[in-house]
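Asks: dropping the sequence and predicted coords here.
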Amino acid sequence: MSTDHAFPPGFLWGAATSAYQIEGDPLADGAGPSIWHRFSHTPGRVAGNATGDLACDHYHRAQEDVALMANLGLNAYRFSIAWGRVLPDGRGRVNQRGLDFYQRLVDRLLEQDIQPMITLYHWDLPTALHDRGGWLNPESPAWFADYAQVLFRALDDRVAAWVTINEPWVAAVLGHLEGVHAPGHADAFEAARVTHHLLLAHAEACAVYRAIGAHQIGIALNLEPQYPASDSAADRAAADRRDAFINRWLLDPLFFGRYPEAMPAIFGPAWPDFPSADLERIRRPADFIGVNYYSRGWVQADPSAWPLGATRIQRTDAPSTAMGWEVYPNGLTETLLRLKTQYGNPPAYITENGAAFEDPAPVEDRVEDAHRVAYLRDHITAAGAALQEGVNLRGYFLWSLLDNFEWAEGYTKRFGLYRVDPEEQRRIPKASADFYRKVIASNGVGM
Ligand SMILES: OC[C@@H]1[C@@H](O)[C@H](O)[C@@H](O)c2nc(CNc3ccccc3)cn21
């Protein structure tokens, strides 16, 4: 069978980044601090006590980075807006200099025929709102809708697609249950309410957009297919629980207006009785689903592992990335096919896909990242296979354009097509950049 999966004309080939991970200078021009600024400046929270103060200095190098995107041949670029740059207090007063940065960025992208896809929230809540309860506050969906409206009015004439929230699951579970992401809470009673308010925030922003917007709006979910480590009934049940916990917890309310039945059993008393009217609002039809795919879960039953009684185990007989995530391209095809067979085949974008590897040192200003080239080739081929099965896939956004601030891992994990070291700020091309340029030029993976 040919592996040359031709993609349809108009398919979007993009790259993805987020504000806190690449911009640097988070308090410039009157910006207000975010929970990631506070978290990364708290000793011991991030590897090497790294912060986003430098990152890729994109706030001052945006023109250079847009030239890189044009040189790759991207026809789309997914980036996020730092809420605190636009609304330093999270609400009310607009910081025009912060908004102007994004106006200029959008205009530069359009000059290069690169379509902007803007993520409104990629985890960097203003501390001013966190100090009022943050996503635990029932007012938080309204705060988000007001912020979204400011951006819709300022930019919707030039922006093809909006993503409301990036990975509500990660924001809630890593930030409020496991405590390894900002704001660093480890409270069983927070994650379910934070997730619910993030979904309501998505719904309220969609409602505002329906009234004033003219393009597309969606949400980006981290979707990870779960497989039992053995065919034992215990492992199969554990994989089902982890599938509900990671995938269906978000998919089912967004598409069916209900949470999976497993959730109250998983969380017990920490699972509130959510009003059905809320679920009806959450079920508002967004225009597309964003799929952030990296790997699959290989799941073993483990009664000691609260709250699931299941753990994701590292396979020793399969290749994995520097994050310890198994390289499993078929999981991308299976995840996309699931959206077709179980969730009504909605318009979908792969809003993130990529890998961190221990890249070799640059030689003559180039990095030979053969592992990443292989990962990308296999996953783009897997996306093409899903298209051939009738999945309503509209685009692919590679994570990431640049090596950047990888959250709690700091700068120790590199996902970029270009190598960046914060202390010197050069953009050193990798072999994967050349590979991706060829994929875009031929609209698919050849041979
Ligand atoms: O880790 C790579 C990227 C990260 O840099 C992005 O900001 C974020 O959107 C992102 N999401 C995933 C997949 N989900 C995930 C699961 C567990 C921990 C962290 C992220 C990977 N990534």
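Replies: It's in.
Asks: what's the local residue count around the residue of the stretch 201-350 of the chain found nearest the ligand?
Replies: Nearest to the ligand, among the residues of the stretch 201-350 of the chain, is residue 222, at 3.7 Å (C-beta to the nearest ligand atom). Yep, even glycine has a C-beta here, placed from its N, CA and C like the rest. A count of nearby residues for residue 222, using other C-beta atoms under 10 Å, gives 20.
Asks: residue contacts, it?
Replies: If you count contacts by C-beta atoms under 8 Å, 6 or more residues apart in numbering, residue 222 has them with 167, 169, 170, 246, 292, 294.
Asks: how about residue 299?
Replies: By C-beta under 8 Å, 6+ apart, the contact set of residue 299 is 226, 227, 228, 229, 235, 238, 239, 242, 310, 311, 312, 313.
Asks: so the residue nearest to the spatial centre of the chain bridges to which residues?
Replies: The structure's the chain has its C-alpha centroid closest to residue 166; by C-alpha atoms, centre = their mean the separation is 4.6 Å. Residue 166 has the following beta-bridge partners by DSSP bridges: residue 220.
Asks: quick one on the thing from earlier: now the two most distant members of the contacts of residue 299.
Replies: 227 and 311 (13.2 Å; C-beta to C-beta).
Asks: count the residues that sit near the nearest residue to residue 188 once chain neighbours are set aside.
Replies: Spatially, and ignoring its direct neighbours in sequence, residue 188 is nearest to residue 270 (4.4 Å; C-beta to C-beta, 6 or more residues apart in numbering). For residue 270, the number of neighbouring residues by other C-beta under 10 Å comes to 17.
Asks: residue 270: what's it in contact with?
Replies: 188, 189, 191, 192, 307.
Asks: same question, residue 147
Replies: Residue 147 neighbours (C-beta under 8 Å, 6+ apart): 83, 86, 87, 90, 91, 120.
Asks: ok so, going back, got the contact list for the residue nearest to the centre of the chain?
Replies: 18, 80, 119, 121, 122, 123, 220, 292, 351 are the contacts of residue 166 under C-beta under 8 Å, 6+ apart.
Asks: next one: the host helix or strand of residue 110 to chain centre, how far?
Replies: Assessed by DSSP states H and E, residue 110 sits inside helix 96-111. Counting by C-alpha atoms, centre = their mean, to the nearest Å, helix 96-111 is centred 22 Å from the centre of its parent chain.
Asks: tally of neighbours for whichever residue of the stretch 1-150 of the chain sits closest to the ligand?
Replies: Using C-beta to the nearest ligand atom, residue 18 is the residue of the stretch 1-150 of the chain that sits closest to the ligand, at 5.1 Å. A count of nearby residues for residue 18, using other C-beta under 10 Å, gives 26.
Asks: got the residue ranges for the strands in this protein?
Replies: 12-16, 76-80, 115-121, 161-166, 216-222, 226-228, 288-292, 297-301, 310-312, 348-353, 393-399, 418-419, 428-429 (DSSP state E).
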